[in-house]
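S.K.: the following comprises the amino acid sequence and a computationally predicted model.
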Amino acid sequence: MDMNVFIQGIPKAELHLHIEGTLAPETLFRIAERNGIRIKFDSVDALRQAYRFDNLQSFLDIYYEGAGVLQNETDFYELTWEYLLKAKDQNIRHVEIFFDPQTHTERGIVFETVVNGIYHALSDGARNLNISFCLIMCFLRHLPESEAMETLSQALDFRDKITGVGLDSSESGHPPSKFIRVFEKARKEGFLTVAHAGEEGPAEYIWEAIKDLKVQRIDHGVRALEDKSLINELKRRQIPLTICPLSNIKLCVFKNMQEHSFKKLFDQGLCVTVNSDDPAYFGGYVVENYLALQNAFQLTRKDITQLAINSFNAAFISQDKKAIFIDQIKKFTAE
Ligand SMILES: Nc1ncnc2[nH]cnc12
Ligand SMILES: [Zn+2]
């Protein structure tokens, strides 16, 4: 079996995926037209040309603008469903999806519209595509703590639909410690927790995410290498890192894939997982991210298998479910 077929076929979980980041240019245009929204690009190609970024902020500016076309429950449903079809194609068996309610509530879309549209598609995906799921609500860290607290209050009515909370958006200057009280309340209310840290920000932000926010996973965490004692802690506690290789190259975190910290983190025995972040903007879904790493670091089938196992071990699912998925991996690799 050739490596592409192997990577495509092996059962996988995706744990770091912003649903607003799956808005393909074609879908963006279709939804904008349906909602009577004018966009500043003349064509799909012109929009795609704008997907050149120098850093995280230059991406976020375009990403938030794109999300502005999403207005109705159907829009959120369609967006999510389109992603799930892609996930099915790539043999992704379990997804943990981020959404950014503040991106929408700030422009007058009600919280319920967003959650219900996404959740309805995820439920249909579980039933009809056999993809299990969790929904994770992210707070926008560039906004004040008080607004995150307000968003958390709104989420309490949707406790049955939202499994966890996370932290995303502009990292520099917005350390995890800004949200200590929000995460404390979220944990008390029973939400699981994750946070973006060490994407552009320093290793110190990863420490804060672990110590101050007490998160169960770190999103990105690729700058952890800068601190040996942090590496020891991540390894000792097997705190998963949800790494998104193509994202890190597109946003100039590393000059090229060969310089990515992935291999050093993986070789030291950290629980590293491979994810797509915002695939419509970064040029690849999960399979393309695995392939990019495989190419850059000559990963073996054993490495790929370990990454797929890690993806289920790091997931917010029961030990029994993990064992079932890992068994499916073993069956696949024995074929
Ligand atoms: N890579 C990323 N980092 C921070 N916030 C984001 N929101 C969407 N993608 C993100
Ligand atoms: Zn992300």
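M.R.: Done, it's in. Residues are numbered from 1 along each chain as shown. Ligands and ions are numbered 1, 2, ... in the order given.
S.K.: buried set for the lowest-mean-pLDDT helix or strand in the chain?
M.R.: None of the helices or strands of the chain scores lower by mean pLDDT, DSSP states H and E than helix 44-49, at a mean of 93. Buried residues in helix 44-49, counted by 16 or more other Cβ atoms under 10 Å: 47-48. To be clear about C-beta, it is placed using only N, CA and C from the backbone, and glycine gets the same treatment.
S.K.: for whichever helix or strand comes after that helix, C-alpha coordinates in PDB please.
M.R.: Going down the chain from helix 44-49, the next helix or strand is helix 56-67, by DSSP states H and E. Extracted in PDB, the C-alpha atoms of helix 56-67 (Å, rounded to 0.1, in the frame of the first residue of the first chain):
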ATOM      1  CA  LEU A  56      -1.500  35.200  12.600                       C
ATOM      2  CA  GLN A  57      -3.100  38.600  12.600                       C
ATOM      3  CA  SER A  58      -3.100  39.000   8.800                       C
ATOM      4  CA  PHE A  59      -5.000  35.700   8.600                       C
ATOM      5  CA  LEU A  60      -7.400  36.500  11.400                       C
ATOM      6  CA  ASP A  61      -8.400  39.800   9.600                       C
ATOM      7  CA  ILE A  62      -9.600  37.900   6.500                       C
ATOM      8  CA  TYR A  63     -11.000  35.000   8.500                       C
ATOM      9  CA  TYR A  64     -13.300  37.200  10.600                       C
ATOM     10  CA  GLU A  65     -14.400  39.100   7.500                       C
ATOM     11  CA  GLY A  66     -15.200  35.800   5.700                       C
ATOM     12  CA  ALA A  67     -17.300  34.600   8.700                       C
END
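S.K.: make sure Val95 is indeed in a helix.
M.R.: No: using DSSP: H, G, I helix; E, B strand; the rest coil, the secondary structure at Val95 is strand, not a helix.
S.K.: quick one: neighbours of it, just the number.
M.R.: A total of 26 residues lie near Val95 under the criterion other Cβ atoms under 10 Å.
S.K.: next one: Arg107
M.R.: Neighbour number of Arg107 under other Cβ under 10 Å is 12.
S.K.: quote the end-to-end distance of stretch 170-188.
M.R.: 26 Å (Cα to Cα, to the nearest Å).
S.K.: check contacts around the residue in the chain positioned nearest to ligand 1.
M.R.: Here the residue of the chain nearest ligand 1 is Asp168; by Cβ to the nearest ligand atom that distance is 3.5 Å. By Cβ atoms under 8 Å, 6 or more residues apart in numbering, the contact set of Asp168 is 18, 98, 100, 138-141, 196, 219.
S.K.: same question for Ile109.
M.R.: 70-71 are the contacts of Ile109 under Cβ under 8 Å, 6+ apart.
S.K.: quick check: the gap between it and Phe179.
M.R.: 23 Å (Cβ to Cβ, to the nearest Å).
S.K.: and if you look at Leu251?
M.R.: Separation of Leu251 from Phe179 (Cβ to Cβ) stands at 22 Å.
S.K.: ok, now Asn232?
M.R.: 25 Å.
S.K.: quick check: mean pLDDT across the helix or strand containing Ile206?
M.R.: Assigned by DSSP H and E, Ile206 belongs to helix 203-211. Throughout helix 203-211, pLDDT has a mean value of 98.
S.K.: and the chain, which residues reach ligand 1?
M.R.: 18, 21, 56, 63, 168-169, 196, 199, 247, 277-278 (Cβ under 6 Å from any ligand atom).
S.K.: list the buried residues for the helix holding Ile206?
M.R.: Quick answer for helix 203-211 (16+ other Cβ under 10 Å): 203-210.
S.K.: centre of the chain to it, how far?
M.R.: Its chain's C-alpha centre and that of helix 203-211 lie 19 Å apart, by Cα atoms, centre = their mean, to the nearest Å.
S.K.: which other helices and strands does that helix contact?
M.R.: strand 192-197, strand 217-220, helix 228-236 (3 or more Cβ pairs under 8 Å, 6 or more residues apart in numbering; DSSP states H and E).
S.K.: output these in CSV, with mean pLDDT and mean neighbour count appended to each entry.
M.R.: What follows is the helices and strands packed on helix 203-211, written out as CSV (pLDDT from 0 to 100; neighbours: other Cβ atoms under 10 Å):
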stretch, mean pLDDT, mean neighbour count
strand 192-197, 98, 26
strand 217-220, 98, 27
helix 228-236, 98, 15
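S.K.: can you list these in CSV and add distance to Ile243?
M.R.: Shown next, in CSV, are the helices and strands packed on helix 203-211 (distance: least, Cβ to Cβ, whole Å):
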stretch, distance to Ile243
strand 192-197, 12
strand 217-220, 7
helix 228-236, 12
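S.K.: before we move on, back to that, using CSV, list the CA coordinates for the least confident helix or strand of the chain.
M.R.: Taking Å, rounded to 0.1, in the frame of the first residue of the first chain, the C-alpha atoms of helix 44-49 are listed here in CSV:
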residue,chain,number,x,y,z
VAL,A,44,-13.5,33.1,-6.1
ASP,A,45,-10.1,33.4,-7.6
ALA,A,46,-9.6,37.0,-6.4
LEU,A,47,-10.6,35.9,-2.9
ARG,A,48,-8.2,33.0,-3.0
GLN,A,49,-5.4,35.3,-4.1
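S.K.: what helices or strands is that helix leaning on?
M.R.: Looks like helix 44-49 contacts helix 25-34 (3+ Cβ pairs under 8 Å, 6+ apart).
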